[in-house]
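Enquirer: Quick one: sequence and predicted model below, then my questions.
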Amino acid sequence: MNRLVKKNMSAVLSALLRTSAGLRAKWERVYYHALLSSRIITPLSESAVVLGTVNVYGTRRVRFGEDILLYPNLHLETQETGDIEIGDGVVLSTGVQIVSMAKITIGPGTMIGEYSSVRDANHDRLPDRTIRSAGHTMSPIVIGSDVWIGRGVTVLDGVTIGDGATVGANAVVTRNVPAGATVGGVPARPIRVTGFTTLFRRGPAHADECNPGLEGFFRCTSEGPGMTSRQSESIVG
């Protein structure tokens, strides 16, 4: 194509696209909403904002609440008895993958960052079996309300993340996170909890010191040397 012709045609098309951008955006939202609605087996609220393609695989047992915001290129999959339940006001950013063979619950107001993965099943290892034919182990995942999960986080099977918790980018969550905690790293460990102080230790002296709740979480995951409550205040805020 002649460069001058290309330049003139591009200028005309660019002007048309600019003037029609608002109308096209509205129709795209209607289209992607309808496309997602056709791919799941439960009703999708008209309050849902769907900004791009949401890929749904398997048994399609996915339920959405009100006022959700879904960015493009999501992967939602349910297999066997798997079920995904997404609460009101949840935001799923670009590239998020949620795969369930048991049950995954995401509470109201939670935000999950780009390319994060939430999977409630793992491949099993059995003698004389390939990894593909060895089957799976599975355990439900519960993510509470108003949780902030950063970009690239992996949440593994059996984990509960409490209300108001924050998970730093690229963390791998392998154990429960108490409400209000901030965790990060591989595997995810405590970083800060507002107003919380305790005695940090290298680890539990006895198994019964791994108590549920925030104090038990800090005791059982801290790898640093022992420190006083005063010293811990400067770390956890």
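Expert: Perfect, thanks for sending it. Numbers count the residues shown, from 1 in each chain.
Enquirer: P187 contacts V177, doesn't it?
Expert: No: counting by Cβ atoms under 8 Å, P187 sits too far from V177 to count as a contact (11.0 Å). Placement of C-beta: from N, CA and C, glycine included.
Enquirer: Which residue of these two possesses the greater neighbour count?
Expert: Neighbours were counted for P187 and for V177 using other Cβ atoms under 10 Å; V177 has more, 25 against 13.
Enquirer: quick one: pLDDT of that one?
Expert: What the model reports as pLDDT for V177 is 95.
Enquirer: do G162 as well
Expert: On the pLDDT scale, G162 is placed at 96.
Enquirer: Verify the stated contact: it with G180.
Expert: Yes: using Cβ under 8 Å, G162 is in contact with G180, at 6.8 Å.
Enquirer: ok, for V147, nearest residue in space, not its chain neighbours?
Expert: T110 (4.4 Å; Cβ to Cβ, 6 or more residues apart in numbering).
Enquirer: That neighbour and Y31: what is the separation?
Expert: 26 Å (Cβ to Cβ, to the nearest Å).
Enquirer: and if you look at V153?
Expert: Counting by Cβ to Cβ, the gap from V153 to Y31 is 30 Å.
Enquirer: which of the two has more neighbours?
Expert: Per other Cβ under 10 Å, whichever of V153 and Y31 has more neighbours is V153, with 25 against 12.
Enquirer: Just the local confidence number for that one, please.
Expert: pLDDT, V153: 98.
Enquirer: Am I right that it is in contact with V177?
Expert: No: if you go by Cβ under 8 Å, V153 and V177 don't touch, sitting 11.0 Å apart.
Enquirer: okay, and the common contacts of the two?
Expert: V167 (Cβ atoms under 8 Å, 6 or more residues apart in numbering).
Enquirer: end-to-end on stretch 42-51?
Expert: Stretch 42-51 has its terminal residues 19 Å apart, counting by Cα to Cα, to the nearest Å.
Enquirer: Ok, stretch 52-65 next?
Expert: 18 Å.
Enquirer: Pretty sure M138 sits against H123.
Expert: No: using Cβ under 8 Å, M138 makes no contact with H123, being 10.6 Å away.
Enquirer: Those two: who's more crowded?
Expert: M138 (21 against 13).
Enquirer: Noted, bye for now.
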